[in-house]
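1. Predicted model and sequence below, questions to follow.
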Amino acid sequence: MSSQLEKAIEAFRKGIPVLIYDAAGRENEVDYVIHASMVTAERVYEMRTLAGGLICYAMPQPAGRLIGLRYGYEILSTIPELAPLTSKTLGYGDKPAFSLWVNSVHVKTGIRDADRATTIRELDKVLTMIVNDDVEKARSYFQENFVAPGHVPILLGRRLSDRKGHTELSLHLAILAGMTPSTVIVEMLSKGDALSIEDARRVSREKGYPLVEGSEIIDRVERLGEDLYCRYNLC
């Protein structure tokens, strides 16, 4: 049993950020991750100052489908002039997890720390409605309380057997922690490049944020031998 994974699970339950390293052969990046229900303006400030990457909200792809969300490349592929852009992938090979970018209707401009925290917590409400089997309420709430395009990108997570990115790793960490699959992730950057794993370990020690390798999450999920999204009726 991985002590680092257990530390990450315990921290995640308490609302303490967790640092997840995907793999040297993939993006070779570390993401700062927290459960969406626990995001505050102060956390968003830390995400953009300590981490520095793109602050994204993640939910499982089956949940997004239930409220009408599609991957961005699916939407763009229907526009002849833009379809060629969707035929390519970056070096790590996966199709991107991006769907829509949204703002809550209750924010000022959408980009401020408090605004993004509000949008993220509102998205978490939608996911909670879905896992509580109130899909019609979730659809109505999503349509009435959000505007697109906005400043918070929604990521749709596949199963770990299909894709092993930070989107999927964070969602499965949440489920392993006994929480809903509803997360916020942001890449940790340095000047001109991704933050190195060595520097991420330093941040982990200084801030008390556990750093867990993606392989540890994958190994635990594989040992459980089940589709964890099914725990939330999202098979």
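-> Sure, I can see it.

2. contacting residues for the spatially closest residue to Ser37 that is not a sequence neighbour?
-> On the basis of Cβ to Cβ, 6 or more residues apart in numbering, the spatially nearest residue to Ser37 that is not a chain neighbour turns out to be Asp124, at 4.8 Å. Where C-beta positions appear, they are placed from N, C-alpha and C, glycine not excepted. Asp124 makes contact with 36-37, 39, 57, 180, 182, according to Cβ atoms under 8 Å, 6 or more residues apart in numbering.

3. Strands - which of those land there?
-> Tyr57 (DSSP state E).

4. Dump the contacts of Asp124 to JSON lines, plus distance to Tyr229.
-> Output for the contacts of Asp124, formatted as JSON lines (distance: Cβ to Cβ, whole Å):
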{"residue": "Ala36", "distance to Tyr229": "16"}
{"residue": "Ser37", "distance to Tyr229": "18"}
{"residue": "Val39", "distance to Tyr229": "22"}
{"residue": "Tyr57", "distance to Tyr229": "17"}
{"residue": "Thr180", "distance to Tyr229": "11"}
{"residue": "Ser182", "distance to Tyr229": "12"}
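
5. mind pulling up the phi and psi values for Gln4?
-> Dihedral angles of Gln4 (phi, psi; degrees, to the nearest 10) stand at phi -70, psi -40.

6. Apologies, that question was intended for Glu136.
-> Backbone torsions of Glu136, given as degrees, to the nearest 10, read phi -60, psi -40.

7. so where do the strands sit in the protein?
-> Along the chain, counting by DSSP E, strands occupy 18-21, 30-35, 56-60, 98-104, 146-157, 183-187, 189-190, 193-194, 211-213.

8. Also compute the angle for the second one relative to strand 183-187, please.
-> For strand 30-35 against strand 183-187, the angle between stretch directions is 160 degrees (axes from the mean of the first three to the mean of the last three Cα atoms, to 10 degrees).

9. which helices and strands does strand 30-35 pack with?
-> With contacts taken as 3 or more Cβ pairs under 8 Å, 6 or more residues apart in numbering; DSSP states H and E, strand 30-35 sits against helix 3-13, strand 18-21, helix 166-176, strand 183-187.

10. What strands line up against it, and which way round?
-> Applying DSSP bridges, strand 30-35 is found paired with strand 18-21 (antiparallel), strand 183-187 (antiparallel).

11. Of those, give the one that comes closest to Leu173.
-> With respect to Leu173, and counting by Cβ to Cβ, the nearest of these is strand 18-21 at 6.7 Å.

12. Columns mean neighbour count on top of the helices and strands packed on strand 30-35, output as JSON lines?
-> Below are those laid out as JSON lines (neighbours: other Cβ atoms under 10 Å):
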{"stretch": "helix 3-13", "mean neighbour count": "18"}
{"stretch": "strand 18-21", "mean neighbour count": "25"}
{"stretch": "helix 166-176", "mean neighbour count": "26"}
{"stretch": "strand 183-187", "mean neighbour count": "26"}
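
13. mind putting the ones you listed in JSON lines, mean pLDDT included?
-> What follows is the helices and strands packed on strand 30-35, written out as JSON lines (pLDDT from 0 to 100):
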{"stretch": "helix 3-13", "mean pLDDT": "95"}
{"stretch": "strand 18-21", "mean pLDDT": "98"}
{"stretch": "helix 166-176", "mean pLDDT": "98"}
{"stretch": "strand 183-187", "mean pLDDT": "98"}
